[in-house]
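Asker: predicted model follows, preceded by the sequence.
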Amino acid sequence: MTHRVGILGATGAVGQRFIQLLDGHPQFEIACLTASDASAGKPYREAAKWRLDSAIPKPVRDITVRATDPAEIPDDVDLLFSSLPSGVAAEIEPDLCAAGYVVSSNSSNDRMADDVPLTIPEINPGHLDLIEVQRDERGWDGALVKNPNCSTITMVPTLAALDEFGLERAQVSTLQAVSGAGYSGVTSMEIIDNAIPHIGGEEEKMETESRKLLGDFDGAELSLHSAEVAASCNRIPTIDGHLENVFAELADDPEPADVRAAMESYPSADLPSSPDQLIHVFGDDQPERPQPRMDRMRGDGMQVVAGGVRTTPAGVKYNCLAHNTIRGAAGASLLNGELLANEGWI
Ligand SMILES: NC(=O)C1=CN([C@@H]2O[C@H](COP(=O)(O)OP(=O)(O)OC[C@H]3O[C@@H](n4cnc5c(N)ncnc54)[C@H](OP(=O)(O)O)[C@@H]3O)[C@@H](O)[C@H]2O)C=CC1
Ligand SMILES: N[C@@H](CC(=O)OP(=O)(O)O)C(=O)O
């Protein structure tokens, strides 16, 4: 069955990725695109400053961009993908859900709300059932589902794999690409020949969202994972792909080979956009990998890549990487949309 979908914030960095990923999608057909009032009324090809290295898909070029307003969304749209600035999303997403739309959102507002599923389909698909709680509490016919922050998505699959050794604490330092800040987020004068050791709000997101993703949902309430997470976030002059150095403290004492095996065998999901293998792991023979330019497009940008697994007195350290606007953003919302479709929520 084909579902008609809309993209909110379709002209932005993440919106363009949605359009690229939805081209030829087996389940979803683009029915409407929205952006700010400045773009509304223009054909997409004029409204969007297209910056991806593939052409704008033909069926999308002439679609007229609409204002981001519930009255503008056609009734027969089953699912809305949202990539709006979080302040704008916080205003409009609840109205859309109240109007009966199911929203798979990438924006950071409401990710930590008790009744909002924050999901990575390969990690915590069962959290989607929080929709029942959400509908009871908010009286919505629609639903709001979130994917996590891009740096969080990069690390959490590896932590989920480590949990079989008793994950007690994780510390992470990130090297984040400029596309994470959006097209006008970091100027060239700020970032060329430089690194910026602060990304507003990012550390707290990694520290809280990861514990929600790894937490337990008992059908009524969600409890956070007990592991403490501490993050330090840095912007570097790469275009795409967040690289992270993780130090994990474990109850058990696994060898690096055991850790690599746990990551490599962590199951993927049976969804159209899920990679065959969720985590690719480089061995001791390639300690210099993963690297952003070399590894961000593995699994069409949907795979998490790890390497450099070594022991520490308290557990293990390793590096991990994912494509921040694909696995970390548009691809993550798309996967949640596929899960919503497969589980009959749309
Ligand atoms: N880039 C990334 O790696 C990630 C981004 N995110 C999140 O995704 C969201 C989008 O990010 P990104 O694509 O980078 O941002 P961009 O600034 O590139 O794009 C923003 C989009 O929102 C639209 N928009 C802006 N203001 C309004 C408004 N007042 N009303 C309606 N639409 C508006 C813009 O339309 P117009 O073109 O008309 O201005 C554009 O389509 C943000 O919440 C961001 O935090 C999440 C994870 C990763
Ligand atoms: N802050 C992230 C991208 C982002 O927009 O995150 P969030 O979805 O949590 O707002 C980065 O700069 O790389």
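Answerer: Looks like it came in fine. Residues are numbered from 1 along each chain as shown. Ligands and ions are numbered 1, 2, ... in the order given.

Asker: so what's the closest residue to ligand 2 within the chain up against?
Answerer: Residue nearest to ligand 2 within the chain (CB to the nearest ligand atom): Gly180, separated by 2.0 Å. Yep, even glycine has a C-beta here, placed from its N, CA and C like the rest. With contact taken as CB atoms under 8 Å, 6 or more residues apart in numbering, Gly180 is in contact with Cys150, Ser151, Ile199, Arg235, His242, Asn324, Thr325, Gly328.

Asker: distance check, it against Asn336.
Answerer: Relative to Asn336, Gly180 is positioned 19 Å away (CB to CB, to the nearest Å).

Asker: so can I have TSV of the contacts of Gly180 showing pLDDT?
Answerer: Shown next, in TSV, are these (pLDDT from 0 to 100):
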residue	pLDDT
Cys150	98
Ser151	98
Ile199	98
Arg235	98
His242	98
Asn324	97
Thr325	94
Gly328	98
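
Asker: distance to Ala38 added to these, as a markdown table?
Answerer: Below are the contacts of Gly180 laid out as a markdown table (distance: CB to CB, whole Å):
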| residue | distance to Ala38 |
| --- | --- |
| Cys150 | 26 |
| Ser151 | 30 |
| Ile199 | 27 |
| Arg235 | 27 |
| His242 | 30 |
| Asn324 | 26 |
| Thr325 | 22 |
| Gly328 | 27 |
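
Asker: just the ones of those residues in helices?
Answerer: Taking DSSP state H, the ones among the contacts of Gly180 that sit in helices are Cys150, Ser151.

Asker: can you narrow the contacts of Gly180 down to the ones near ligand 1?
Answerer: Counting by CB under 6 Å from any ligand atom, Cys150, Asn324, Thr325, Gly328 from the contacts of Gly180 sit close to ligand 1.

Asker: with adjacent residues omitted, what lies nearest to the residue in the stretch 1-150 of the chain that ligand 1 sits nearest to?
Answerer: Nearest residue of the stretch 1-150 of the chain to ligand 1 (CB to the nearest ligand atom) works out as Gly12 at 1.9 Å. Leaving aside its chain neighbours, Gly12 sits nearest to Ser83 (5.9 Å; criterion: CB to CB, 6 or more residues apart in numbering).

Asker: now do Ser82
Answerer: Per CB to CB, 6+ apart, closest to Ser82 is Ser105, 3.8 Å.

Asker: okay, and the beta partners of the one you found?
Answerer: Beta-bridge pairing of Ser105 under DSSP bridges involves Ser82, Lys146.

Asker: quick check: residues of the stretch 151-300 of the chain near ligand 1?
Answerer: Residues of the stretch 151-300 of the chain lying near ligand 1 (CB under 6 Å from any ligand atom): Ser179, Gly180, Gly182, Tyr183.

Asker: emit the PyMOL select command for whichever of those residues are buried.
Answerer: Buried members of those, defined by 16 or more other CB atoms under 10 Å, are picked up in PyMOL with:
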select buried, resi 179+180
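
Asker: Throw the residues of the stretch 151-300 of the chain next to ligand 1 into CSV and include pLDDT and secondary structure, thanks.
Answerer: Output for these, formatted as CSV (pLDDT from 0 to 100; DSSP: H, G, I helix; E, B strand; the rest coil):
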residue, pLDDT, secondary structure
Ser179, 93, helix
Gly180, 94, helix
Gly182, 85, coil
Tyr183, 79, coil
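
Asker: what's near enough to touch Phe18?
Answerer: With CB under 8 Å, 6+ apart, Phe18 has these contacts: Ile7, Ala10, Phe81, Ser83, Ala330, Ser333, Leu334.

Asker: nearest to ligand 1: which residue in the stretch 151-300 of the chain?
Answerer: For the stretch 151-300 of the chain and ligand 1, the shortest gap (CB to the nearest ligand atom) falls at Gly182, measuring 3.2 Å.

Asker: quick check: that residue touching Gln16?
Answerer: No. With contacts counted by CB atoms under 8 Å, Gly182 stays clear of Gln16, the gap being 11.0 Å.

Asker: okay, now the domains of this structure?
Answerer: Domain ranges of the chain: 3-148+329-342, 150-323, per automatic domain parsing.

Asker: chain center to the first one: distance?
Answerer: When you say that, I think you mean domain 3-148+329-342. How far domain 3-148+329-342 lies from its chain's middle: 12 Å, per CA atoms, centre = their mean, to the nearest Å.

Asker: pull up the distance across it, start to finish.
Answerer: End-to-end distance of domain 3-148+329-342 (CA to CA, to the nearest Å): 11 Å.

Asker: how about stretch 224-237?
Answerer: OK, stretch 224-237 end separation, CA to CA: 34 Å.
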